[in-house]
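*Asks:* the sequence isn't on hand, but the structure is:
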């Protein structure tokens with residue numbers, strides 16, 4: 001076990017109070033968001049004054065502060081984003097957590113010394129992905145939450161880059177950065193910090209349009225790795241991260257203090273015995289559960305795919321802890337009789353679950369407990385009590401849960417109320433006759449300050465100051481953030497000064513050291529002018545194409561993406577300039593022959609590699625990539641790590657097109673991809689027409705825009721078909737997904753196609769309606785894009801031919817007799833204009 005380095009405990013803060021809770025309960029670093037560009041726009045967040053206050057408070061106590069700039073950035077926001085980062089950098093923010101590749105590359109150009117961390121929104125799950133981010137200047141990578149312990153360890157072994165891993169809190173069912181569900185169906189983009197959490201809503205899973213099961217089928221339990229900390233440390237993880245910027249300060253206090261406790265136990269055990277054995281107490285696990293859980297905790301994917309065991313199908317919100325069972329109800333007094341299986345006190349919150357799925361659950365804060373006809377403040381397991389006030393109908397036999405614990409909340413609040421966290425320092429005190437007394441303080445960062453007294457010492461007449469009294473008085477650091485652990489005294493015998501003067505010197509020295517620690521964390525204002533010049537240069541000097549827009553006679557080309565393998569599909573009849581074919585389909589001889597024929601006739605063929613390829617899929621690619629490269633013109637890649645794999649195998653000259661999953665929302669991202677060897681990229685589905693028209697496209701860069709089809713709104717390691725229908729894990733999966741068409745139907749009747757990848761038991765959820773914007777094709781074509789992309793996943797073969805022909809005829813402004821008929825069929829099935837008219 002490597003404990004030569006201290007593993008960082010990284011805590012969330014969505015408000016200043018939560019920040020104090022994190023610091024005072026032992027975190028090593030805090031991550032928080034400002035009012036701009038952070039992925040929790042609905043948290044309280046920090047204005048500039050609060051941010052400076054937090055940075056100063058943290059730095060005086062030896063705690064680092066990371067600012068989240070982990071959303072995608074639009075062109076007209078980029079300069080403001082860089083200026084905001086520069087301002088926070090000058091405040092002393094220690095690092096910036098970033099998702100947008102354009103923002104990251106621009107920041108490193110504007111401020112080379114800035115420290116940036118790659119957000120989990122960048123979907124990094126491989127050593128190759130970490131390597132590419134390291135080249136960009138990232139010093140730390142927050143890994144995707146879908147990794148196993150062995151996968152985390154493998155990445156840590158192969159890189160010097162710091163690796164950060166989430167260990168507690170909410171688990172997105174989709175890969176972070178690959179979810180468009182909230183954005184597409186409700187206009188609130190997770191990539192822009194406004195996720196509406198549609199994964200926490202009820203769904204029914206259907207097979208061939210028949211309902212099989214209903215529930216909160218995409219709602220996962222929170223993860224809890226407190227029993228696996230030593231394994232993660234041993235794997236080489238640098239930072240363990242707690243999720244929860246939307247949670248209360250009390251939650252932050254409880255969870256951070258519990259993780260701090262066991263990290264300290266691990267360190268102590270290793271120092272004493274060379275071992276890392278520890279056991280989490282039932283009381284501490286109960287404390288974590290009471291703070292927040294959704295039907296218990298899960299290990300996420302740390303120990304492999306757990307299927308339905310990691311899901312909270314019954315209820316998507318906080319469950320609390322099981323309390324007991326309803327025996328009867330008195331509607332007249334709004335009281336309920338409960339047999340308790342756990343303790344309950346006045347002021348605790350309870351919820352009584354309805355026996356029917358999706359119905360509201362009565363509950364509230366308990367104001368009265370009656371046991372054996374007497375009022376009591378607390379009752380215990382085994383007791384039968386009447387509690388009130390509970391409004392609403394309650395059925396006998398209903399389960400009761402304690403959703404909040406008054407004592408726990410009060411303890412948590414007290415933990416950060418007085419600001420008692422301190423930093424150990426050393427001190428030297430000199431007291432000589434004829435000289436003003438001097439106190440020198442030194443900290444672990446090399447800061448050193450000296451404070452002189454105002455009164456000369458005198459020779460004692462009766463009672464001189466003892467060394468013990470001086471030590472006692474100087475050690476009273478009180479409300480300062482310091483604790484003297486090593487005090488050296490250089491004093492004459494038989495001298496005296498007033499105790500008030502000792503206090504005065506101590507206060508002055510502590511104030512000086514606190515100020516020194518604050519200032520040493522900030523950047524010098526003398527650098528400000530040069531910094532502004534650098535920022536101005538970067539934000540105003542994107543290489544802009546001299547041929548920014550197409551001429552009136554030059555139309556964008558048509559590309560076709562085939563997400564599925566369609567039987568009897570004749571590639572020759574697809575009237576497109578480029579086809580994207582699933583890489584695994586190109587292992588089949590008939591597909592290779594058909595693709596070769598298309599290439600001979602001038603149609604480009606690209607192999608599509610999914611954004612997530614870990615597991616068996618990765619092995620398939622490594623084994624067959626060289627052979628497949630002979631049959632294609634290039635590769636469509638949705639992850640920077642995949643791009644590295646392809647280049648390492650095939651050389652730097654291989655033609656790569658970045659897929660939509662790279663989240664290219666601005667011109668800076670396009671230029672970065674061009675600079676790093678990409679030939680083109682499918683732009684984000686979250687751009688609107690106005691934003692698209694204002695973009696600066698690099699020369700000889702094949703920018704592509706999706707204009708038709710169902711788009712993937714989630715990519716997940718969890719299989720909702722296997723988990724909900726067969727209730728199996730991938731280890732004993734019966735491949736029910738191969739038999740029939742499965743959809744998730746929401747409460748409004750929208751049906752989302754679920755496409756399962758049986759290679760690695762991974763799933764993709766597609767939007768319920770196709771994007772269809774025939775009226776905008778001319779404007780999109782002339783905006784500067786080189787390709788307009790049509791996606792096909794569950795259309796018939798004839799529909800594919802017809803829909804491509806429709807878009808070709810509109811783009812070329814030519815007659816097509818079936819145009820109106822085909823368009824009407826598309827509209828009749830249901831369609832959306834995506835974000836072309838609204839944006840995010």
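*Replies:* Done, it's in. Everything quoted here is computed from the prediction, not taken from an experiment.
*Asks:* just checking, residue 37 touches residue 84?
*Replies:* Yes. Residue 37 is within contact range of residue 84, at 7.2 Å (criterion: CB atoms under 8 Å). The C-beta positions use only the backbone N, C-alpha and C, and glycine is treated the same way.
*Asks:* the more surrounded of these two?
*Replies:* Shown here are residue 37 and residue 84; by other CB atoms under 10 Å, residue 37 has more neighbours (26 against 19).
*Asks:* from one end of stretch 746-763 to the other, what's the distance?
*Replies:* End-to-end distance for stretch 746-763, by CA to CA, to the nearest Å: 18 Å.
*Asks:* check stretch 415-428 too.
*Replies:* Using CA to CA, the end-to-end distance of stretch 415-428 comes out at 32 Å.
*Asks:* cool, stretch 346-358 as well?
*Replies:* By CA to CA, the extent of stretch 346-358 from end to end equals 28 Å.
*Asks:* on that earlier part again, intersection of neighbour lists for residue 37 and residue 84?
*Replies:* Here residue 37 and residue 84 have residue 69 as joint contacts, going by CB atoms under 8 Å, 6 or more residues apart in numbering.
*Asks:* show the pLDDT at the residue nearest the centre of the chain.
*Replies:* Ranked by distance to the mean C-alpha position of the chain (CA atoms, centre = their mean), the top residue is residue 120 at 4.8 Å. Among the per-residue scores, residue 120 holds a pLDDT of 98.
*Asks:* before we move on, what about residue 417?
*Replies:* pLDDT, read off for residue 417, is 94.
*Asks:* quick check: the gap between it and residue 25.
*Replies:* Counting by CB to CB, to the nearest Å, the gap from residue 417 to residue 25 is 12 Å.
*Asks:* what strand or helix carries the residue nearest to residue 447 when sequence neighbours are not counted?
*Replies:* Spatial nearest neighbour of residue 447, chain neighbours left out: residue 516 (4.6 Å); criterion: CB to CB, 6 or more residues apart in numbering. Per DSSP states H and E: residue 516 is located in helix 499-521.
*Asks:* check which residues of stretch 507-516 are buried.
*Replies:* Within stretch 507-516, the residues scored as buried using 16 or more other CB atoms under 10 Å are 508, 509, 510, 512, 513, 514, 516.
*Asks:* farthest pair in those?
*Replies:* Farthest-apart pair in these is 508 and 516; separation 12.5 Å (CB to CB).
*Asks:* from residue 176, how far off is the residue nearest to the centre of the chain?
*Replies:* In terms of CB to CB, residue 120 sits 5 Å off from residue 176.
*Asks:* overlap in contacts of the two?
*Replies:* Residues touching both residue 120 and residue 176 by CB under 8 Å, 6+ apart: 144, 145.
*Asks:* can you give the domain ranges for this structure?
*Replies:* 8-171+220-308, 199-214+711-768, 320-414, 429-521, 557-709+773-832 (automatic domain parsing).
*Asks:* dump these to JSON lines, plus distance to residue 314.
*Replies:* Converted to JSON lines, those look like this (distance: least, CB to CB, whole Å):
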{"stretch": "domain 8-171+220-308", "distance to residue 314": "7"}
{"stretch": "domain 199-214+711-768", "distance to residue 314": "10"}
{"stretch": "domain 320-414", "distance to residue 314": "7"}
{"stretch": "domain 429-521", "distance to residue 314": "46"}
{"stretch": "domain 557-709+773-832", "distance to residue 314": "29"}
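*Asks:* looking at the ones you listed, which has the lowest confidence?
*Replies:* Comparing mean pLDDT across the domains of the chain, the weakest is domain 199-214+711-768, with a mean of 89.
*Asks:* and it, how far out from the chain's middle?
*Replies:* Distance of domain 199-214+711-768 from the chain centroid (CA atoms, centre = their mean, to the nearest Å) equals 23 Å.
*Asks:* for stretch 120-128, same thing?
*Replies:* 12 Å.
*Asks:* any idea how far apart the tips of that stretch sit?
*Replies:* Taking CA to CA as the measure, stretch 120-128 stretches 15 Å from start to finish.
*Asks:* let me see the residues that make contact with it.
*Replies:* 39, 70-71, 99, 101, 118, 129-130, 133, 141-147, 151, 154-155, 158-159, 166, 175-178, 191, 611-612, 614, 618, 639-642, 644-645, 648, 661.
*Asks:* what do you get if the cut-off is 7 Å, keeping everything else the same?
*Replies:* Contact with stretch 120-128 is made by 39, 70, 99, 118, 130, 133, 141-147, 154-155, 158-159, 175-178, 611-612, 614, 639, 641, 644-645, as judged by CB atoms under 7 Å, 6 or more residues apart in numbering.
*Asks:* who are the packing partners of the helix or strand containing residue 261?
*Replies:* Residue 261 is part of helix 249-273, with elements assigned from DSSP H and E. Judged by 3 or more CB pairs under 7 Å, 6 or more residues apart in numbering; DSSP states H and E, helix 249-273 is in contact with strand 8-13, helix 16-24, helix 229-235, strand 239-242, helix 282-291, helix 406-414.
*Asks:* if we go to 10 Å?
*Replies:* Helix 249-273 is packed against strand 8-13, helix 16-24, strand 162-169, strand 222-224, helix 229-235, strand 239-242, helix 282-291, helix 406-414, with contacts defined by 3 or more CB pairs under 10 Å, 6 or more residues apart in numbering; DSSP states H and E.
*Asks:* what helix or strand is the nearest residue to residue 690 once chain neighbours are set aside on?
*Replies:* Closest residue to residue 690 apart from its sequence neighbours, by CB to CB, 6+ apart: residue 839 at 7.5 Å. Residue 839 belongs to no helix or strand when elements are defined using DSSP H and E.
*Asks:* does residue 839 really touch residue 689, like I thought?
*Replies:* Yes. Contact status for residue 839 versus residue 689: in contact at 8.4 Å, counting by CB atoms under 10 Å.
*Asks:* distance of the residue nearest to residue 690 from residue 720?
*Replies:* Relative to residue 720, and taking CB to CB, residue 839 is found at 29 Å.
*Asks:* so between those two, which is more surrounded?
*Replies:* Using other CB under 10 Å as the criterion, residue 839 and residue 720 rank with residue 720 on top: 26 against 19.
*Asks:* now the more buried one: how far from residue 758?
*Replies:* 14 Å.
*Asks:* over to residue 734?
*Replies:* Noted for residue 734: a distance of 11 Å to residue 758, by CB to CB.
*Asks:* between those two, which one's more packed in?
*Replies:* Shown here are residue 734 and residue 758; by other CB under 10 Å, residue 758 has more neighbours (14 against 11).
*Asks:* what residues are up against the more buried one?
*Replies:* Each residue near residue 758 by CB atoms under 10 Å, 6 or more residues apart in numbering is listed here: 616, 719, 722, 730, 733, 735, 737, 738.
*Asks:* which one (most neighbours) among these?
*Replies:* Using other CB under 10 Å as the neighbour criterion, residue 719 leads the contacts of residue 758 with 28 neighbours.
*Asks:* secondary structure element for residue 596?
*Replies:* Residue 596 belongs to helix 589-600, assigned by DSSP H and E.
*Asks:* ok, the helix or strand following that helix: who's next to it in the sheet?
*Replies:* Moving toward the C-terminus from helix 589-600, the next helix or strand (DSSP H and E) is strand 604-609. Here strand 604-609 is paired, per DSSP bridges, with strand 578-582 (parallel), strand 634-637 (parallel).
*Asks:* what's the angle from the first one to helix 589-600?
*Replies:* The one in question is strand 578-582. Orientation check (axes from the mean of the first three to the mean of the last three CA atoms, to 10 degrees): strand 578-582 against helix 589-600 gives 160 degrees.
*Asks:* contact partners for the residue sitting furthest away from the middle of the chain?
*Replies:* Residue farthest from the centre of the chain, counting by CA atoms, centre = their mean, is residue 461 at 68.3 Å. By CB under 10 Å, 6+ apart, the contact set of residue 461 is 494, 496.
*Asks:* host element of it?
*Replies:* Going by DSSP H and E, residue 461 is not in any helix or strand.
*Asks:* now residue 142: phi and psi?
*Replies:* Here is the backbone geometry of residue 142 (degrees, to the nearest 10): phi -90, psi 110.
*Asks:* so it touches residue 163, yeah?
*Replies:* Yes. Judged on CB under 10 Å, residue 142 makes contact with residue 163 at a distance of 8.3 Å.
*Asks:* all good on my end, thank you.
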